[in-house]
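[1] with the sequence up front, the predicted model follows.
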Amino acid sequence: MAAAPAGSWRHEETADRGAPPLGSGGRRVTVRGEIVGLAYSDRDVVEFLRRTGLPEAERLLDDPGWVKWAGGRAHVYDAA
């Protein structure tokens, strides 16, 4: 897979080794190396990205050049 463009967004699993925080599910959202919040749905991810300056984030959620889903399948937020 090609490297993401400079300044791209990274969407990561909520906790190390794929464990959800306190059994509540959700995924940590990291933008340019900074944690911006915990998402429980795509809508949450879009809002975090919008707040960091990416107004059309919902169109980019499935574009690996912009969003990297780490530690699990894309669009899955349930507790393990």
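    Here it is on my side, so go on.
[2] flag the shaky bits of this protein, pLDDT-wise.
    When residues are selected by pLDDT under 70, those of the chain lie in 1-23, 80.
[3] helices of that one, residue ranges please.
    42-51 (DSSP state H).
[4] and stretch 59-74, how far out from the chain's middle?
    7 Å (C-alpha atoms, centre = their mean, to the nearest Å).
[5] what about L38, distance to V45?
    Going from L38 to V45 by C-beta to C-beta, to the nearest Å gives 10 Å. Quick note: C-beta positions are derived from backbone N, CA and C, even for glycine.
[6] give me the common contacts of those two.
    R27, V29 (C-beta atoms under 8 Å, 6 or more residues apart in numbering).
[7] which of the two has more neighbours?
    The neighbour count for L38 versus V45, taken as other C-beta atoms under 10 Å, is higher for V45 (24 against 17).
[8] which one is the more buried one nearest to, not counting chain neighbours?
    A39 (4.6 Å; C-beta to C-beta, 6 or more residues apart in numbering).
[9] swap in L38?
    Among residues not flanking L38 along the chain, G26 sits closest, at 4.7 Å (C-beta to C-beta, 6+ apart).
[10] W66 too?
    In space, and not counting its chain neighbours, W66 is closest to L60: 4.2 Å by C-beta to C-beta, 6+ apart.
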